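In: please work out how this folds:
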Amino acid sequence: MTSKALKQNVIVGIIGAGAMGAGIAQVAAEAKHPVLIYDAVEGAAERGKLRIETSLSKLVKRGKRTNAEVHETLSRISIAQNIGETAPAGIVIEAIAENLKAKCDLFAQLEEIVSKDAILCTNTSSISVTRIAAHLKHPERFAGFHFFNPAPVMKLVEVVSGLATTKDLRDCLLETAQGWGKVAVAARSTPGFIVNRVARPFYAEALRLVEEQVASPATLDAIFTGSGQFRMGPFKLMDLIGNDVNYAVTCSVFDAYYQDPRFRPSLVQKELVDGGWLGQKTGRGFFDYAEGADAVKPDVVTPDRQLDYDLPLLDGSDICISDVAVLRTDGRTANARAIAEKCDVILYDYILDPTTVTHVGFTASSGVSEHIIAKFVSGLHQHNTCAIQLPDWPGLILMRTISMLANEAFEAILHGVADADGIDNAMRFGVNYPKGPIAWAHSIGLDTILNVLETLYLATGDPRYRVSVGLRAAIPGQKIAFSGD
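Out: Numbering: from 1, shown residues only. Model (predicted):
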């Protein structure tokens, strides 16, 4: 089969020499393309090349590159003194500020400079590709080529097709990104594309749980990382991104979907933004980053050191402690499960790997004695696992969040944004999720995911928890009822 990828002799033009533009330039140069960098700000392109040199030098120190390889890569990168010097480029990738007018003006200018068969790409993460392309004479040669920061490190590239983007161009960009060592996924131009859309529940449910006073940010982060194996909890991550940035993206997606409740912003986060508590960059966010500030610890239950209890691993199998059933949550509250099971129950949250779990959330029905809870906590302690007691809340923490992530992923498939593999790859390689939400939902069981969402909807009446028709359709035997059925 003939490759559709760009040949290595094709010149790659980069417009914008900030962190993202410089990162993309490094990726292209390391893939052996000649690269031209242009930035309208005087001296910015030179600083961008210096940034690349610094980045590559760090790789030499770590033994990942040789000095000869670095010299060869840098020799492929040239500075364009004016935008007209990008004329020889066979592909131009824009990485300027997220401003629609600025991007439209830039591409209108580029269209008059580069050859008629040159490819024009935007690295936008939030602006409609179709909307930018609408101002072009040849929108069919325009697409989104969305890298993630830092571009040399992050594996994902979203190849985003606008209304006029040709299939051949999409395929060319997919194969080119793969040739550059990236995981490339195809997406349709809808608000947030894949990652910024499907990831919203990761933040939204955590914020909602704080609003509902279910647990503190530190406690929730401990469950996300300790049970779910996310690399970073949502609150630490929001502080790292910047609460202003994260809040702005949420508002943008919310507005773009005509205030769909699934994307509703959080008043808790708005309060931090209003107060200037933006996260690490301001020294204060959900956590205090001032020098000497005490680290906030999760609210764990202290085990009874005198109590030694042999508790099996929490692998989803039903367990009993005396006459109390120990069960994994299926969305129902512990008291509801107790009625259904006709015995008292302890419910524990989802655990990705019971052999490595460090923190697990649990709750208990009203009839469970403190002695039984102490046995459960002690048994977890024997496995080096900290127990976090939670209110008797539908879906607990992780199961609720994973269910919402899966629901949004199935909704994205339903709307033709991407296919299941594309969404799973996007979330694994774009934001480092331990599993893609579609595969995750199948491993848990789609019936369980459905039950969690329906229980949350019944408990709250909030339409954000409505079940996607795409999820229902994926469950064998599920009847999708329409008016008149």
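
In: contacting residues around the closest residue to residue 76 other than its chain neighbours?
Out: In this structure, residue 76 finds its nearest non-sequential neighbour in residue 29, 4.5 Å apart by CB to CB, 6 or more residues apart in numbering. Backbone N, C-alpha and C define where each C-beta goes, glycine included. Taking CB atoms under 8 Å, 6 or more residues apart in numbering as the contact definition, residue 29 lies against 12, 35, 52, 73-74, 76-77.

In: mind picking the two most distant members of those residues?
Out: 12 and 74 (14.6 Å; CB to CB).

In: can you show me the strands along the stretch 101-250 of the chain?
Out: Under the criterion DSSP state E, counting those that start in this stretch, the stretch 101-250 of the chain contains strands at 119-122, 142-147, 156-161, 183-188.

In: could you export those strands as JSON lines, including distance to residue 176 and mean neighbour count?
Out: Listed next are those as JSON lines, based on distance: least, CB to CB, whole Å; neighbours: other CB atoms under 10 Å:
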{"stretch": "strand 119-122", "distance to residue 176": "9", "mean neighbour count": "25"}
{"stretch": "strand 142-147", "distance to residue 176": "9", "mean neighbour count": "26"}
{"stretch": "strand 156-161", "distance to residue 176": "9", "mean neighbour count": "25"}
{"stretch": "strand 183-188", "distance to residue 176": "8", "mean neighbour count": "22"}
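
In: let's have those strands in TSV, adding mean pLDDT and distance to residue 447.
Out: TSV is the format used below for these (pLDDT from 0 to 100; distance: least, CB to CB, whole Å):
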stretch	mean pLDDT	distance to residue 447
strand 119-122	98	41
strand 142-147	98	34
strand 156-161	98	30
strand 183-188	98	28
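
In: what about the closest residue to residue 149 other than its chain neighbours, which SS state?
Out: Excluding its sequence neighbours, the residue lying closest to residue 149 (CB to CB, 6+ apart) is residue 20, at 5.7 Å. Secondary structure state of residue 20, per DSSP: H, G, I helix; E, B strand; the rest coil, is helix.

In: neighbouring contacts of stretch 408-415?
Out: With contact meaning CB under 8 Å, 6+ apart, stretch 408-415 is reached by 188, 190, 194, 197-198, 200-201, 262, 418-420, 423-424, 427, 436-438, 441, 468-471, 473-474.

In: is the residue lying farthest from the centre of the chain in a helix, a strand, or coil?
Out: Here the chain reaches farthest from its C-alpha mean at residue 306, the gap being 42.8 Å by CA atoms, centre = their mean. Assigned by three-state DSSP, the conformation of residue 306 is coil.

In: tell me how far it lies from residue 318.
Out: Applying CB to CB, to the nearest Å, the value for residue 306 to residue 318 is 28 Å.

In: please apply the same query to residue 415.
Out: Distance, residue 415 to residue 318, using CB to CB: 38 Å.

In: circling back: reformat the contacts of residue 29 as TSV; add distance to residue 478 and neighbour count.
Out: TSV is the format used below for the contacts of residue 29 (distance: CB to CB, whole Å; neighbours: other CB atoms under 10 Å):
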residue	distance to residue 478	neighbour count
12	47	28
35	51	27
52	52	25
73	53	21
74	57	15
76	54	19
77	54	23
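
In: of those, which is the nearest to residue 461?
Out: The closest of the contacts of residue 29, once distances to residue 461 are taken by CB to CB, is residue 12, at 52.0 Å.

In: can you name the residues bridging to that closest one?
Out: Residue 12 has the following beta-bridge partners by DSSP bridges: residue 35, residue 91.

In: and the contacts of stretch 408-415, which of them are in strands?
Out: Mapping these onto strands (DSSP state E) picks out residue 188.

In: quick one, which of the contacts of stretch 408-415 are buried?
Out: Among those, the ones that count as buried by 16 or more other CB atoms under 10 Å are 188, 190, 194, 197-198, 200-201, 262, 418, 420, 423-424, 427, 436-438, 441, 468, 470-471, 474.

In: distance of the nearest residue to residue 148 once chain neighbours are set aside from residue 181?
Out: Excluding the flanking residues, the one nearest residue 148 by CB to CB, 6+ apart is residue 154, at 3.8 Å. According to CB to CB, residue 154 and residue 181 sit 11 Å apart.
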